[in-house]
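Participant: The sequence and its predicted three-dimensional model are supplied below.
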Amino acid sequence: MPLVGYGIWKVPAENAAESVYNAIKLGYRHIDGAYDYMNSAEAGQGVKRAIDDGLIKREDIFITSKLWNNYHAHDHAIAAAHRENEAWGLGYLDLYLIHFPIAQKYIDPSEIKYPCFWEDAARTKVGTLVKVPMIETWKAIETLVQTDSNPQGILKSIGVANCNAQLLTELQSQAKIPLSVLQIELHPYLVQPQLVQMAQENGIAVTAYSSFGPQSFLELGSPRALKTEALLTHPVITKIAEKHGKTPAQVLLRWATQRDIIVIPKSNNTERLAQNLDSVSFDLAKEELEAISALDKGLRFVRS
Ligand SMILES: NC(=O)c1ccc[n+]([C@@H]2O[C@H](COP(=O)([O-])OP(=O)(O)OC[C@H]3O[C@@H](n4cnc5c(N)ncnc54)[C@H](OP(=O)(O)O)[C@@H]3O)[C@@H](O)[C@H]2O)c1
């Protein structure tokens, strides 16, 4: 699984094919998508174009997608995974994550295609929670993993996002197919060292999302992000960046990747995409890693 991927949340569907194709041309070999991002089919078209143009083969690129909250019940999870795999149109998904450990009332996609956290099309009514244990969802997606006894499986590996150590332990104790990845919000304002250590010690790769902290949430008008000091201009980060002749974004990404944490920065800008990919070509000193980690305030922008 490539250490730097391209996250496509908030990449508009109408640009997703071009953006993904462009990212592949720049050298990205890992795309992080989700049903929730509403751009899987278009992103898949970008990958297909890159394959048709001979830039890559299918096996050269790692595609992640995620199961949305309304489809946690066993049969719904299986159907949703098939729909998502068909949307990408690439034969299989390399990684499929349970997006949140939250089960919401089932809404058939023919009624509302994109419920997000609501259950009415006008988005006035917050989705009702339902009692579906995570292990039921896990067992459902386990049946879709490609193995010697299930060669037709459409998923190469499975994992979870937004889970804590207790839930990981619980799932691991009952999983037949091991969890391969834990995807969590992780940046210098939310360092989570124990969770990272626990996952890595148990052979679960950690992927960090929202590596630039508040940056991603400014465009959503998040009051919490608006009142938080930007990481990209934070003096601790800019000073280290200057010393290495790198950008603050590259320092934030390297702070994670140097500790074997995968990153999936999102950008709608070619220059920044290239910059983000080129963030593993230098090393931070131990004291620099520690100074960045010391910015921790347990501050979360995605609250579930
Ligand atoms: N599992 C989950 O629940 C979950 C939740 C959130 C995100 N994710 C995944 O993680 C990915 C990344 O997280 P994210 O999208 O929240 O945030 P992010 O990658 O931390 O930040 C994106 C923001 O930073 C800007 N940016 C990107 N590269 C930059 C650079 N080199 N210099 C300055 N600014 C830069 C982008 O603007 P421009 O586009 O204008 O460059 C955008 O405003 C998502 O796309 C998604 O795939 C998963």
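Facilitator: Noted; the coordinates are in hand.

Participant: contacts, neighbours, all on C-alpha from now
Facilitator: OK.

Participant: which residues does residue 105 contact?
Facilitator: By C-alpha atoms under 8 Å, 6 or more residues apart in numbering, the residues touching residue 105 are 70, 119, 127, 128, 129, 130.

Participant: same thing with residue 288?
Facilitator: residue 240.

Participant: what sits against whatever residue of the stretch 1-150 of the chain ends up closest to the ligand?
Facilitator: Here the residue of the stretch 1-150 of the chain nearest the ligand is residue 7; by C-alpha to the nearest ligand atom that distance is 3.2 Å. Listed by C-alpha under 8 Å, 6+ apart, the contact set of residue 7 reads 31, 32, 33, 264, 265, 266, 267.

Participant: Relative to residue 129, how far out is it?
Facilitator: With distances taken as C-alpha to C-alpha, to the nearest Å, residue 7 is found 27 Å from residue 129.

Participant: And for residue 254?
Facilitator: 38 Å.

Participant: Those two: who's more crowded?
Facilitator: Using other C-alpha atoms under 10 Å, the more surrounded residue of residue 254 and residue 129 is residue 254, with 26 against 13.

Participant: Near residue 44, how many other residues are there?
Facilitator: Applying other C-alpha under 10 Å, I find that residue 44 has 24 neighbouring residues.

Participant: try residue 18
Facilitator: Using other C-alpha under 10 Å, residue 18 has 17 other residues around it.

Participant: and if you look at the one 5 residues further on?
Facilitator: Applying other C-alpha under 10 Å, we find 26 other residues in the vicinity of residue 23.

Participant: in which helix or strand would I find it?
Facilitator: helix 13-26 (DSSP states H and E).

Participant: Excluding chain neighbours, what is closest to the residue in the stretch 101-250 of the chain positioned nearest to the ligand?
Facilitator: Closest residue of the stretch 101-250 of the chain to the ligand, C-alpha to the nearest ligand atom: residue 210 (3.2 Å). For residue 210, ignoring the flanking residues on the chain, the nearest one in space by C-alpha to C-alpha, 6 or more residues apart in numbering is residue 185 at 5.9 Å.

Participant: Bridge partners for residue 182, pull those for me.
Facilitator: Counting by DSSP bridges, residue 182 is bridged to residue 160, residue 206.

Participant: near the ligand, which residues of the stretch 51-200 of the chain show up?
Facilitator: 99, 161, 183 (C-alpha under 6 Å from any ligand atom).

Participant: one step back: tell me the pLDDT of the residue of the stretch 1-150 of the chain closest to the ligand.
Facilitator: Residue 7 carries a pLDDT value of 98.

Participant: ditto for the one 5 residues further on
Facilitator: The score at residue 12 is 97. That number is its pLDDT.

Participant: Same question for the one 3 residues further on.
Facilitator: Each residue has a pLDDT score; the one for residue 15 is 96.

Participant: center of this structure, which residue is that?
Facilitator: residue 32 (5.2 Å; C-alpha atoms, centre = their mean).

Participant: ok, how many other residues are close to the residue of the stretch 101-250 of the chain closest to the ligand?
Facilitator: Residues near residue 210, counting by other C-alpha under 10 Å: 21.

Participant: pretty sure it is touching residue 267, no?
Facilitator: No. Judged on C-alpha atoms under 8 Å, residue 210 makes no contact with residue 267 at a distance of 11.3 Å.

Participant: most remote residue from the chain's center?
Facilitator: No residue in the chain has its C-alpha farther from the mean C-alpha position than residue 243, which lies at 30.1 Å (C-alpha atoms, centre = their mean).

Participant: quick check: mean pLDDT across the helix or strand in which that residue is found?
Facilitator: Residue 243 is located in helix 235-244, with elements delineated by DSSP H and E. Per-residue pLDDT values over helix 235-244 give a mean of 98.

Participant: how deep is residue 96 tucked in, by neighbour count?
Facilitator: By other C-alpha under 10 Å, 31 other residues sit near residue 96.
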